[in-house]
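Asker: Need coordinates for the below:
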Amino acid sequence: MSADTSPARPAPTLEMVAALAGVSRATVSRVVNGSPSVDPDLVHSVEKAVRTLNYVPNRAARTLASRRTYTVTLLVPESTSKVFADPFFATVVEGVARYLNTTEYMLNMVTSSEANPEKTRRYLLGGNVDGVLVVSHHTGDDSWARLDGSLPLVFAGRPLVNADDSYFVEVDNEEGAAAATARLVEAGRRRIATIAGPQDMPPGVDRLAGWRTTLLKAGLDDALVETGDFTVTSGAAAMRRLLDREKPLDGLFVANDQMAAGAYSVIKERGLRIPEDIAVVGFDDDYYATSLSPALTTIHHPIAALGEKMAELLVELIEGRPAERVHRLPTSLVVRESA
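Answerer: From the prediction side, this is the model:
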């Protein structure tokens with residue numbers, strides 16, 4: 001059987017849509033680009049022709065016309081291994097994608113950006129993207145810190161520097177940590193430790209502050225502090241350091257559920273019981289919280305909603321629409337068996 005050598009059919013063009021719909025090329029262009037100024041009957045004719053011809057707008061042409069790429073970058077200044085091990089990032093992407101799917105914008109992702117910050121900065125400033133979503137940022141990051149206002153940026157959590165000039169979406173980390181600690185106080189725990197997050201990141205700083213403020217209000221000691229980097233391994237190491245102090249503790253607030261999982265393993269390793277000996281409360285309410293035994297009391301962090309709101313705010317900035325600088329989402333306490 002001989003191969004089919006017939007020429008490929010040309011892709012449908014704007015002119016072909018205009019001819020089939022019986023309108024001008026300019027009218028088709030306005031309809032395709034969502035202009036509200038076109039008569040509804042003409043819109044119907046153009047949309048019918050688009051469906052008949054299976055016409056897809058030429059993104060390159062639209063980019064030239066609008067000077068936009070219709071692409072945004074999710075920038076994560078963390079190692080790739082950490083990004084793919086942490087459910088937080090997948091849930092952020094889910095929320096971002098949920099909003100962008102209602103628009104013409106596409107999403108790409110850059111991880112390990114601090115490994116070569118100059119390369120990242122060249123990419124971001126090279127006309128490849130219209131805006132940047134920055135997640136899991138640290139004080140001292142270089143990949144995004146010197147973009148000099150060249151691109152719209154939206155942060156997950158306020159940056160610890162230049163917060164007054166930044167656009168960001170965050171949960172009320174301090175209030176959530178305070179609620180977690182109050183749960184332990186109300187349960188009669190009086191020697192309450194914490195495993196805090198990194199102190200060069202907003203959630204690490206704010207969750208530690210919420211724990212400390214609540215303890216001081218209750219007249220309790222705030223000296224039992226160790227820090228981790230939001231990973232299971234670091235949570236285990238911090239728990240060992242707390243127990244090695246040989247200062248009794250009966251309550252523990254952990255700044256995220258992954259570190260709580262690490263703490264669980266060490267508590268059990270030392271022959272202690274949860275919650276009888278040490279009551280534990282985490283933060284995030286991700287799959288670690290329900291997979292642990294006993295199930296973890298934790299603070300619900302609306303991560304997908306955070307990603308969705310970040311994407312919405314970034315598109316507003318890209319398109320020059322009015323946008324509020326700060327959006328703060330509420331948290332809530334989820335009571336399970338550990339406290």
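Asker: use CA for all of it now, contacts and neighbours both
Answerer: Noted.
Asker: Where do the strands of the protein begin and end?
Answerer: All strands of the chain, identified by DSSP state E, fall at 71-76, 106-111, 131-134, 153-156, 168-171, 192-196, 225-227, 251-254, 279-284, 297-300, 326-329, 332-334.
Asker: Which one of the ones you listed lies nearest to Leu208?
Answerer: Closest to Leu208 of the strands of the chain, according to CA to CA: strand 192-196, at 5.8 Å.
Asker: Within the sheet, what are the partner strands of that closest one, with directions?
Answerer: strand 225-227 (parallel), strand 251-254 (parallel) (DSSP bridges).
Asker: buried set for the first one?
Answerer: By neighbour count, with 16 or more other CA atoms under 10 Å as the criterion, the buried positions of strand 225-227 are 225-227.
Asker: Nearest to Phe253 among the residues you listed?
Answerer: Closest to Phe253, out of all of those and judged by CA to CA, is Val225, at 9.9 Å.
Asker: returning to what we had before: take the buried residues of strand 225-227 and write them to TSV, including distance to Ala163.
Answerer: Converted to TSV, the buried residues of strand 225-227 look like this (distance: CA to CA, whole Å):
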residue	distance to Ala163
Val225	26
Glu226	26
Thr227	24
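Asker: any idea which of those is the one closest to Pro117?
Answerer: Thr227 (26.3 Å).
Asker: What residues does that closest one make contact with?
Answerer: When contacts are counted by CA atoms under 8 Å, 6 or more residues apart in numbering, Thr227 touches 195-198, 234-235, 238.
Asker: ok, now Leu151?
Answerer: Leu151 neighbours (CA under 8 Å, 6+ apart): 125, 130-132.
Asker: low-confidence ranges in the stretch 1-150 of the chain?
Answerer: The stretch 1-150 of the chain contains residues with pLDDT under 70 at 1-10, 33-35, 57-67, 148.
Asker: which residues of the stretch 151-300 of the chain score low on pLDDT?
Answerer: For the stretch 151-300 of the chain (pLDDT under 70), the answer is none.
Asker: What segments of it are helices?
Answerer: Assigned by DSSP state H, counting those that start in this stretch, the helices in the stretch 151-300 of the chain fall at 173-186, 202-217, 232-244, 257-269, 287-291.
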